[in-house]
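> Return a 3D structure for these sequence lines:
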Amino acid sequence: MALPGPLGPEDLANVPAKRGVFLLEGPAGQPILLATAADIRSRMRGRLAPPEEEAPASRRADLREIATRLRWRLTTGHFETDWQYLELARLIYPDRYRRMLAFAPARFVHVRTDEAFATFARVRQVPATGRCFGPFATSRACGRFIEILQDVFDLCRCEQLFTGGGAGCIYAQMGQCIAPCRREDALPVYADMIDRACRCAAGERDEIARQLQQAMRQAAGDREYELAARCKQRLERLAELDQPAFAHAAAAERFQYVLIQPGGGRRKLKAFLFDRGAIRGRLLDYPPAPRQLASLLSATAKFSSGARAIGQPEQERIALVAQLLFTSPARRGVAVRYGPALTAQELARRIEAGAGVLGVARAKRPQTGEGSAPK
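Here you go, the predicted structure:
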């Protein structure tokens, strides 16, 4: 849309009063301002209105004299708006767009399983090698997650690792570490411990809990009460992984979600399929028909199958979705982790439970007359 100087009421009528991302350009087509708005028309009224309609003076630049064209892309929800802003910022400002983003890199826990001596560490993106788990809302949550794994599996927690003989670190001397940094014969055992810890971090905890319970009962029966107490402590630590802070923690290769967002109407939704940094969207009716959800899940299965390269754009989209998972329900909408076990019935239940934040109208249930039996 060309801008004939300050926008009057007639000009503003041509600007949509809807959510979206907009770009103001200068005389030579150079970008001046890329931003998001819940109401693009209202935002333009404030930035490009005639002087007599202008809000009180502020420190913002006066764009009326240099902006000659307005472009926009309409969106229907917070996630779509943020996603489109990210893609456009990367395209329009390739050298500085990262400084324009309102979200930080995602937080994960990573372990280099290809190393002889593997340890868990906090990282800010999904590495190309090893095993990775997350996302987490804070660095502190990452640290707590690592500490729980160390306590449950008696993993090494030394900051400085040394090779050679000796008694090992203080944890080895207390019997809380098998000292793989000092004993080569302990490395295969330690590698198996790391593998079990990775399976636990990925969510496979039932078998580990059963093994600890059995070991605790056996130790108590043998009157090895110190060992039984140790098993009980490890069980209690294992249970801490069910806390809300770790609700989204899973293997990075399973960073796959069905994101349900507003669709721009009381009977419309948008579904975004997310798989390790790739995004695909499609429209849904509300309430969605079973065949529509079955088709959605079939498309998600195809979309999420196989390996996927994770470059810088994918890392940024991962960070965007990670932020979404930890934000308020009003911004998050309905986020359902995808897996082969996800059914259309469960997805329908989650959508119905989130109808309020999605801004859709729940279907009215038929009322039965007094004394009549419901059908």
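
> where along the stretch 51-200 of the chain do the strands fall?
Secondary structure of the stretch 51-200 of the chain (DSSP state E, counting those that start in this stretch): strands at 69-74, 107-111, 120-123, 131-136.

> For Gly5, report the pLDDT, please.
On pLDDT, Gly5 comes in at 66.

> go on, Glu10?
With respect to pLDDT, Glu10 scores 77.

> and it, how far is that from Pro4?
Using Cβ to Cβ, to the nearest Å, Glu10 is found at 10 Å from Pro4. Using the backbone N, CA and C atoms, a C-beta is placed for each residue, glycine as well.

> swap in Phe274?
Distance from Phe274 to Pro4, by Cβ to Cβ: 41 Å.

> Likewise for Leu63?
Relative to Pro4, Leu63 is positioned 14 Å away (Cβ to Cβ).

> out of the two, which sits in the busier spot?
Each of Leu63 and Pro4 has its neighbours counted (other Cβ atoms under 10 Å); Leu63 has more, 15 against 10.

> strands paired with the longest strand belonging to the chain, and their directions?
If you go by DSSP state E, the chain has its longest strand at strand 256-265. Here strand 256-265 is paired, per DSSP bridges, with strand 268-275 (antiparallel), strand 334-337 (antiparallel).

> Following the first one in sequence, what is the next regular element?
Using DSSP states H and E, the next helix or strand after strand 268-275 towards the C-terminus is strand 278-285.

> Could you measure from the nearest residue to Gly333 once chain neighbours are set aside over to Tyr85?
The shortest distance from Gly333 to any non-neighbouring residue, by Cβ to Cβ, 6 or more residues apart in numbering, is to Gln261 (4.6 Å). Separation of Gln261 from Tyr85 (Cβ to Cβ): 15 Å.

> for Arg337, same thing?
Distance from Arg337 to Tyr85, by Cβ to Cβ: 25 Å.

> Of these two, give the one with the bigger neighbour count.
Neighbour count, other Cβ under 10 Å: between Arg337 and Tyr85, Tyr85 has more, with 23 against 15.

> I'd say the more buried one and Thr36 touch.
Yes - assessed by Cβ atoms under 8 Å, Tyr85 is found in contact with Thr36 at 5.3 Å.

> Now do the shared contacts for those two.
Residues within reach of Tyr85 and of Thr36 at once, by Cβ atoms under 8 Å, 6 or more residues apart in numbering, are Val21.

> for this structure, what are the low-confidence residue spans?
Per-residue confidence for the chain (pLDDT under 70) gives these ranges: 5-7, 49-62, 158-186, 362-375.

> Name the surrounding residues that touch the helix or strand where Ile318 lies.
Per DSSP H and E, Ile318 falls inside helix 312-325. If you take Cβ under 8 Å, 6+ apart as the criterion, helix 312-325 is touched by 78-79, 82-83, 86, 90, 101, 103-107, 125-126, 134-135, 248, 255, 257, 259, 274, 276-279, 308, 310, 331-332, 335.

> just checking, next helix/strand downstream of that helix?
For helix 312-325, the following helix or strand on the C-terminal side (DSSP H and E) is helix 329-332.

> For that next one, name the packing helices and strands.
With contacts defined as 3 or more Cβ pairs under 8 Å, 6 or more residues apart in numbering; DSSP states H and E, helix 329-332 has these neighbours: helix 78-92, helix 312-325, helix 355-358.

> Can I get the ones you listed in a markdown table including distance to Leu238?
Shown next, in a markdown table, are those (distance: least, Cβ to Cβ, whole Å):
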| stretch | distance to Leu238 |
| --- | --- |
| helix 78-92 | 33 |
| helix 312-325 | 23 |
| helix 355-358 | 33 |
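
> returning to that earlier point: report the distance from the longest strand of the chain to the chain centre.
The gap between where strand 256-265 is centred and where its chain is centred comes out at 14 Å by Cα atoms, centre = their mean, to the nearest Å.

> now swap in stretch 101-117 and tell me
14 Å.

> Next, the buried residues of that stretch.
Within stretch 101-117, the residues that count as buried by 16 or more other Cβ atoms under 10 Å are 101, 105-112.

> re the thing from before, now the strands of the stretch 51-200 of the chain as JSON lines including distance to Gln345?
Formatted as JSON lines, these follow (distance: least, Cβ to Cβ, whole Å):
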{"stretch": "strand 69-74", "distance to Gln345": "32"}
{"stretch": "strand 107-111", "distance to Gln345": "31"}
{"stretch": "strand 120-123", "distance to Gln345": "37"}
{"stretch": "strand 131-136", "distance to Gln345": "27"}
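
> Good, wrapping up.
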